[in-house]
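Asker: structure for this input, please:
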Amino acid sequence: MPILNKMITTLSGVMLATALTAVEATTPEEDREQFVRYNTERFPNVPAEEFVNGAYAIDPIGRENWEAIEEFPPYEPFIEDGEAMWNTPFANGKGYSDCFPKGPAIAADYPRWDREKGMVVTLPLAVNQCRQAHGEKPLKYKKGSINNILSYIAYESRGEVTRVEIPADDPRALAAYEAGKKFYFTRRGQLNFSCANCHLQNSGNQVRSEILSPPLGHTTHWPVYRAKWGTVGTLHRRFSGCNENIRAKALKAQGEQYRNLEYFLTYLNNGQVLNGPGARK
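Answerer: Next up is the predicted model:
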């Protein structure tokens, strides 16, 4: 039985991590198909294209507030600053366009598997690789200027479709995907929660003042301006926050575990339209 089919039958409370180890292996594409089916059946009244809006696809009151915020998006200054960064040459006269000749609309190309390095390369990692290749200091991965350049790239990439590839002829890529899947379903922290406990098993339920969003569309809208942060932050900053919420140790942003998690989750969102940067509570 495919893992996500098995997962659907375990919502009565059987640990998802146990189910993960108890079933036969499935391909990434089988996982993705089951993932999409699970979310669309759980929320049958949500149009497929709405899942990219997260909790606002299922929370009409929250959506009203969000739509009001989007009339004057708080992330606009970050897009403008990011555009200035993109167009400002490095000290050696080169710039981001020398690393990304397609131009800034490249968000759909990441994360990607790098055969030469044998690792998952995310967009923030690629940005810093570009900077370091031209003698510039790398940017911090959670806060600061990294969010400006990512906001501009996300804005220019709006309308592109998520298209993560797992090369069939490189078993290391599949191993990275499987490591990300294991992380997603593994319970951790003092609260003994996994990513799946919140966003699969309990998606649509309320925790304190927040409705837990469906995971379909989770990777489409980053970086995100959060009122809680008062600024724009990266996906890995959110991963860290989730770990801290369940009283687990936050891992290093752009470390292997978070990159593999992003690889797995973004692959499951293949076909979803990019709509970043976003605004969230």
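
Asker: how close does the residue positioned nearest the centre of the chain get to Pro89?
Answerer: Against the mean C-alpha coordinate of the chain, by Cα atoms, centre = their mean, the closest residue is Thr219 at 3.2 Å. Distance, Thr219 to Pro89, by Cβ to Cβ, to the nearest Å: 31 Å. (Glycine included, C-beta is placed from N, CA and C.)

Asker: contacting residues around Ala154?
Answerer: Applying Cβ atoms under 8 Å, 6 or more residues apart in numbering to Ala154 gives the contacts 107, 221-223, 274, 276-277.

Asker: and those residues as JSON lines, adding pLDDT?
Answerer: Formatted as JSON lines, the contacts of Ala154 follow (pLDDT from 0 to 100):
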{"residue": "Ala107", "pLDDT": "98"}
{"residue": "His221", "pLDDT": "97"}
{"residue": "Trp222", "pLDDT": "98"}
{"residue": "Pro223", "pLDDT": "98"}
{"residue": "Leu274", "pLDDT": "98"}
{"residue": "Gly276", "pLDDT": "97"}
{"residue": "Pro277", "pLDDT": "98"}
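
Asker: now for those: which two are most distant?
Answerer: Pro223 and Leu274 (12.0 Å; Cβ to Cβ).

Asker: looking at those two, which is more packed in?
Answerer: Pro223 (28 against 22; other Cβ atoms under 10 Å).

Asker: identify the residues contacting that one.
Answerer: With Cβ under 8 Å, 6+ apart, Pro223 has these contacts: 75, 78, 147, 150-151, 154, 232-235, 276-278.

Asker: swap in Ser203?
Answerer: Counted by Cβ under 8 Å, 6+ apart, Ser203 has contacts 39, 42-43, 212-215.

Asker: output those residues in JSON lines; the columns should cover secondary structure and distance to Glu83.
Answerer: Putting those into JSON lines (DSSP: H, G, I helix; E, B strand; the rest coil; distance: Cβ to Cβ, whole Å) gives the following:
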{"residue": "Asn39", "secondary structure": "helix", "distance to Glu83": "34"}
{"residue": "Arg42", "secondary structure": "helix", "distance to Glu83": "39"}
{"residue": "Phe43", "secondary structure": "coil", "distance to Glu83": "36"}
{"residue": "Leu212", "secondary structure": "coil", "distance to Glu83": "34"}
{"residue": "Ser213", "secondary structure": "coil", "distance to Glu83": "29"}
{"residue": "Pro214", "secondary structure": "coil", "distance to Glu83": "32"}
{"residue": "Pro215", "secondary structure": "coil", "distance to Glu83": "31"}
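
Asker: got a PyMOL select line for the buried ones in these?
Answerer: Buried residues within the contacts of Ser203, by 16 or more other Cβ atoms under 10 Å, are selected in PyMOL with:
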select buried, resi 39+42+43+212+213+214+215
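
Asker: from the chain's centroid, how far away is stretch 31-44?
Answerer: Stretch 31-44 sits 18 Å away from the centroid of its parent chain (Cα atoms, centre = their mean, to the nearest Å).

Asker: what of stretch 144-154?
Answerer: The answer for stretch 144-154 is 15 Å, by Cα atoms, centre = their mean.

Asker: now it: buried residues?
Answerer: For stretch 144-154, by 16+ other Cβ under 10 Å, it's 146-154.

Asker: just checking, the residue nearest to the centre of the chain touches Asn270?
Answerer: No - at 9.9 Å, Thr219 does not count as touching Asn270 under the criterion of Cβ atoms under 8 Å.
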